[in-house]
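Q: Here you go, sequence then predicted model.
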Amino acid sequence: MNFRKYHALGNVYLVVSPDEFLDEPAALTIKNICHKHYGVASDGLLIGPFESSVADFGLRIFNPDASEAEKSGNGLRIFCRALWDAGLVKDKPFSIETKGGVVKAQVLEAGRRVNVEMGKVSFSSRDIPVWGEPREVLLESLNVMGLDHIYSAVTIGNPHCVILTDSPTETLAKEFGPLIETHPNFPNRTNVQFMQVIDRQHICIEIWERGAGYTLASGSSSCAAAAVAYKLGLCDANIKVIMPGGQIDIDISEDFRVSMSGGVTRVCHGEIDPECLSQVFH
Ligand SMILES: N[C@@H](CCC[C@H](N)C(=O)O)C(=O)O
């Protein structure tokens with residue numbers, strides 16, 4: 001199986017053509033490919049381009065636990081770069097269909113940077129989803145291991161739980177992230193961000209990703225956290241999101257459409273041995 005490996009601010013994805021799969025990708029195959037010790041090591045798998053009747057290209061996004069994600073910001077930027085490297089797109093905007101909706105993208109700076117119009121966020125409990133009566137999920141309290149967290153929930157195609165804190169740390173994300181990801185409040189599980197508002201143009205987040213765990217950066221998390229900061233009146237519409245892996249620039253329109261720009265780096269390409277794909281020991 002041929003692959004191309006990229007990272008977006010330390011968030012690693014492999015891009016594989018749909019032609020490499022005879023059938024629906026098996027969970028075991030995806031887990032083996034992404035595994036950090038037994039495989040190629042990545043935070044997710046991008047399968048594409050597919051033909052699409054509504055966009056220029058179709059994309060499927062898988063987490064390392066083999067669950068399918070509706071959207072991924074870094075995954076989309078990486079996919080755009082892979083399309084650009086393959087000569088399938090140039091400098092003009094184009095569209096991509098994901099399970100979480102169609103996005104518009106443009107490759108900038110000879111592939112080193114990509115802009116994606118990620119779509120409109122919703123804070124509605126029905127859309128995200130979050131259990132309970134229909135409402136906008138803003139500044140609610142979530143008790144985890146005896147500690148109350150103030151969170152707001154949001155979807156940009158995939159679900160996010162943004163927790164306000166004065167000091168976001170890796171330890172905080174790793175300790176509470178897995179418990180919040182699988183909290184019964186979130187029927188589809190959730191991505192989790194611990195967010196500190198630095199000033200009206202800057203936020204800082206630590207991330208726990210659904211199906212992937214602790215990551216150095218996340219594009220959809222950046223969109224979600226920035227949208228919450230804007231919605232709560234804590235930030236202006238142009239926000240720089242600082243993460244351990246680097247920075248993403250977010251612009252939010254009045255009707256909460258979110259545009260994201262950030263870097264992408266090509267790492268390597270190669271072939272995964274069939275022996276790796278069929279391992280059964282984890
Ligand atoms: N790394 C991603 C998010 C990937 C999907 C996520 N784990 C989910 O299950 O929703 C990003 O950059 O957005």
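A: Great, that's in hand. All values reported here derive from a predicted model rather than from experimental measurement.

Q: Partner strands of the strand or helix carrying residue 118 and their direction?
A: Secondary-structure assignment from DSSP states H and E places residue 118 in strand 113-120. Partners of strand 113-120 in the sheet, by DSSP bridges, are strand 101-108 (antiparallel), strand 257-263 (antiparallel).

Q: Give me the nearest residue to the residue sitting nearest the centre point of the chain, chain neighbours excluded.
A: For the chain, the residue nearest the mean C-alpha position is residue 72 (3.3 Å; C-alpha atoms, centre = their mean). Distances taken as C-beta to C-beta, 6 or more residues apart in numbering place residue 61 nearest to residue 72, at 4.8 Å, with adjacent residues excluded. Every residue, glycine included, has its C-beta placed from N, CA and C.

Q: From what I see, that neighbour and residue 103 are in contact.
A: No - using C-beta atoms under 8 Å, residue 61 is not in contact with residue 103, being 11.7 Å away.

Q: Now do the shared contacts for the two.
A: residue 71 (C-beta atoms under 8 Å, 6 or more residues apart in numbering).

Q: got the residues of the stretch 51-200 of the chain near the ligand?
A: Contact residues, the stretch 51-200 of the chain versus the ligand (C-beta under 6 Å from any ligand atom): 63, 69, 72, 73, 74, 75, 158, 191.

Q: for the residue lying closest to residue 58 once chain neighbours are set aside, what are its contacts?
A: Excluding its sequence neighbours, the residue lying closest to residue 58 (C-beta to C-beta, 6+ apart) is residue 50, at 3.2 Å. Neighbour list for residue 50: 18, 57, 58, 59, 60, 97 [criterion: C-beta under 8 Å, 6+ apart].

Q: Just the closest of the residues you listed to residue 5, please.
A: Nearest to residue 5 among the contacts of residue 50, counting by C-beta to C-beta, is residue 59 at 16.5 Å.

Q: so that closest one sits right up against residue 96, yeah?
A: Yes - the pair residue 59 / residue 96 is scored as a contact, 5.4 Å apart, by C-beta under 8 Å.

Q: which residues are common contacts for those two?
A: 76, 79.

Q: Domain parsing of this protein, as residue ranges.
A: 2-116+265-278, 140-255 (automatic domain parsing).

Q: and the ones you listed as TSV, adding mean pLDDT?
A: Shown next, in TSV, are the domains of the chain (pLDDT from 0 to 100):
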stretch	mean pLDDT
domain 2-116+265-278	97
domain 140-255	97
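
Q: circling back to that earlier point, list of residues touching the strand holding residue 118?
A: 71, 73, 76-77, 80-81, 100-108, 156-157, 219-220, 223, 255-264.

Q: Of the residues you listed, grab the buried ones for ChimeraX.
A: Filtering these down to the buried ones (16 or more other C-beta atoms under 10 Å) takes a single ChimeraX command:
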select :71,73,76,77,80,81,100,101,102,103,104,105,106,107,108,156,157,219,220,223,256,258,259,260,261,262,263,264
